[in-house]
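**Q** predicted model and sequence below, questions to follow.
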Amino acid sequence: MIKTENKTIMHKIKYLLFICLLSVCYTNGVFAQGTEHISILNAYNRASVSLDGQWQTIIDPQEQGYYDYRYLPKNNGFFQNRKARNKTDLVEYNFDTGLPLHVPGDWNSQQPELLWYEGTIWYEKSFSYMRKDGQRTFLHFGAVNYEAKVYLNGKKLGEHIGGFTPFSFEVTDDLKDGDNFIVVKVDNKRRIDGIPTIISDWWNYGGITRPVKLVEVPQTFIQDYLIQLKKGENNRIDGYVKVAGSNASQEVRISIPELKLTKSFKTDIDGYAKIEFSQKVDAWSPENPQLYDVQISMGEDSISDRIGFRTIETKGQDILLNGKPVFLRGICIHEEAAYRGGRAHSPEDARVLLTWAKEMGCNFVRLTHYPHNEHMIREAEKMGLLIWSEIPLYWTIQWENPEVLANAKNQFTEIYQRDKNRAAVILWSLANETPLGDSRLKFLSGLAEYVRSMDDTRLLTAAMEMHEKEDDPGTIIINDPLGEYLDVLGCNEYYGWYGTLPDKCRNLTWTMEYDKPLIMSEFGAGAVYGMHGEKPDRWTEEYQEYFYEENLDMLRKIPFLRGTAPWVLMDFRSPRRPLGGVQDYYNRKGVISDQGNKKKTFYTLKNYYQEVKNTFK
Ligand code: GCU
């Protein structure tokens, strides 16, 4: 019982930690003035009014819709959505005659003149609404890249920083019956104190890139819940339900019809109900992606979710899924839509990318280098793909800036809040290719501690770099001190592409200073689909195939290797790849072209994964 008490206390501490973090962020300007930022769990399944579709926009590179000519914030900015009252009135903007853009969607791929645009674009949406008695309404954004200032009927609701995580504002008392309008100032300028920071090998797609909806809930509603297997136990369900809007004890019911199960629990004065009960379940796995319909009800509110149950842990150099060693047959994926380009955002976009991964024989995807949209997570879970999820702590971050650490914690918190009930997510990655240093280690070890305090059930990892031993070239050592804080080590290597040729792989031996599993979290070479030649001819499909043949031979010899995530599923846009006639501002390391053409390497990997599937025990 004591244990149970501890767990209840732990969940309360986590929630209070979350609230404290929000207030820290709030005071640090991460959320500026405005309505408190409340996370609405499972907006995905909530009754809602969609605000997707055409929004009116104004391109504003000098942010004159927000600052006056002395660069001071205006009180009559574009957020007022003013109209000229008569022929004499001077109003120098009008959303009605602005540029129509589709939401969800980045602006870069919607208008040729916006392909390279980095700056502010104002979005406006007018809509009519009828409030209902006893109902609370939240304005929910799937994501806005990178900084959003949100206004409803001219009143500022708040701000959000971070381009890939959901956020919401309560608007119950700000909505009017009849006509309303939302204005969002979206700014995707790169910033040295940002996450990601000022350089990244992907396109800086700006905009309201994921769905926007008005989520409607009763006065007292189910705000949050965690329903997963208890850490290390196969048949014990653990978690909590959090009720908002009442300080009286409420009865909460959990039912799982396929298991003929209904359990009731009581919330405490904080609205918390500890959930814990024994129940034999059919474990979720890539081979058996079993999802249960879980219904949670309380008073007049109810919500359903599709939840899988599994355990994930490590034992020495093994990763154990449901207690059995697993080899992660993966691929790295950027959130870029096949064929049309731009940010992927729909279930169809997700299914195209993930179906290719399944065709290759994957049981695992590394969703790089930022949290992907919720359809990617839920479709991967349905298809039986394990997930590596990461926030964009990429390359050179301002490790000594406390606001950057607060931003990192907030981005992780928001993606944890969204995906904590997703069985497919097994790895939280802290960083990608970050340079060794004391301040970086202090930052990331502190972040690791924070992540574990919120989620001690999933595995921590990071994509790190390695180097050859000075006194023994040819022997690679993985000894990044960050490894001490991780459960699984990720390593990016490009032997055969950057600075070396593929035959270099033949003389390399790998060693590691940790008795932990290793995932080769990136390795890849560029090729233009349809460009052919001899093996040594750079940019041909033959060179890319040669790269993989040599690298896979090398990887087969690493005894502590427990996963591979080749770089990358599909060619993707990058401002760092200008080579005309070859890259044309695309990173060409995809095994599939951006138009869905499979290169020879796709089949090389497919054969390798069939081999691994047959031999790994
Ligand atoms: C790095 C980085 C990727 C990048 C890749 C490349 O490992 O993590 O984001 O695209 O190398 O050079 O293609």
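**A** Done, it's in.
**Q** tabulate the CA atom coordinates of stretch 264-275 in CSV.
**A** Output in CSV follows, covering the C-alpha atoms of stretch 264-275 (Å, rounded to 0.1, in the frame of the first residue of the first chain):
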residue,chain,number,x,y,z
SER,A,264,-14.2,2.8,-10.4
PHE,A,265,-12.0,5.2,-8.5
LYS,A,266,-12.5,8.4,-6.4
THR,A,267,-10.6,11.6,-7.0
ASP,A,268,-9.1,13.5,-4.1
ILE,A,269,-9.5,17.2,-3.4
ASP,A,270,-6.8,18.0,-6.1
GLY,A,271,-8.9,16.1,-8.6
TYR,A,272,-6.6,13.2,-8.7
ALA,A,273,-7.6,9.5,-8.9
LYS,A,274,-4.9,6.9,-8.6
ILE,A,275,-5.4,4.0,-11.0
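**Q** which outside residues touch stretch 241-251?
**A** The contact list for stretch 241-251, computed with C-beta atoms under 8 Å, 6 or more residues apart in numbering, reads 15, 38, 136, 218-225, 252, 254, 264-273, 275, 296, 298-299. The way it works is simple: take the backbone N, C-alpha and C, and place the C-beta from them, glycine included.
**Q** let's see 6 Å
**A** Contacting residues not belonging to stretch 241-251 are listed as 219-221, 223-225, 252, 264, 266-267, 269, 271-273, 298 [C-beta atoms under 6 Å, 6 or more residues apart in numbering].
**Q** okay, and the closest residue to Asp537 other than its chain neighbours sits in which element?
**A** In space, Asp537 comes closest to Tyr543 once its chain neighbours are excluded; the distance is 5.7 Å by C-beta to C-beta, 6 or more residues apart in numbering. Tyr543 belongs to helix 541-556 when assigned by DSSP states H and E.
**Q** that helix packs against which elements?
**A** Identification of packing neighbours for helix 541-556 by 3 or more C-beta pairs under 6 Å, 6 or more residues apart in numbering; DSSP states H and E yields helix 600-615.
**Q** now do the helix it packs on against helix 541-556, angle only.
**A** Angle of helix 600-615 versus helix 541-556, following axes from the mean of the first three to the mean of the last three C-alpha atoms, to 10 degrees, is 20 degrees.
**Q** Gln317 contacts Pro559, correct?
**A** No - using C-beta atoms under 6 Å, Gln317 is not in contact with Pro559; the gap is 7.6 Å.
**Q** hang on, the earlier thing: now the residue nearest to Asp537: how far from the ligand?
**A** 15 Å (C-beta to the nearest ligand atom, to the nearest Å).
**Q** which residue does the stretch 201-350 of the chain have closest to the ligand?
**A** Asp201 (3.7 Å; C-beta to the nearest ligand atom).
**Q** okay, whatever residue of the stretch 51-200 of the chain ends up closest to the ligand: pLDDT?
**A** Distances between the stretch 51-200 of the chain and the ligand by C-beta to the nearest ligand atom are smallest at Ser200, namely 7.2 Å. Here the pLDDT value assigned to Ser200 is 98.
**Q** tell me how far it lies from Val488.
**A** 24 Å (C-beta to C-beta, to the nearest Å).
**Q** next one: Ser109
**A** 34 Å.
**Q** do Val326 as well
**A** In terms of C-beta to C-beta, Val326 sits 11 Å off from Val488.
**Q** the two - which one has more neighbours?
**A** More crowded of Val326 and Val488, by other C-beta atoms under 10 Å: Val488, with 26 against 21.
**Q** and the closest residue to the more buried one other than its chain neighbours, which helix or strand is it part of?
**A** Spatially, and ignoring its direct neighbours in sequence, Val488 is nearest to Thr461 (4.4 Å; C-beta to C-beta, 6+ apart). Thr461 belongs to strand 459-464 when assigned by DSSP H and E.
**Q** circling back: correct me if wrong: the residue nearest to Val488 contacts Leu430.
**A** No - using C-beta under 6 Å, Thr461 makes no contact with Leu430, being 7.4 Å away.
**Q** which of the two has more neighbours?
**A** A side-by-side neighbour count of Thr461 and Leu430, using other C-beta under 10 Å, places Thr461 first with 29 against 25.
**Q** contacts only, for the residue nearest in space to the middle of the chain.
**A** In the chain, the C-alpha nearest the mean C-alpha coordinate belongs to Pro371, at 1.1 Å (C-alpha atoms, centre = their mean). By C-beta under 6 Å, 6+ apart, the contact list for Pro371 reads 164-165, 415.
**Q** and for Leu90?
**A** By C-beta under 6 Å, 6+ apart, no residues touch Leu90.
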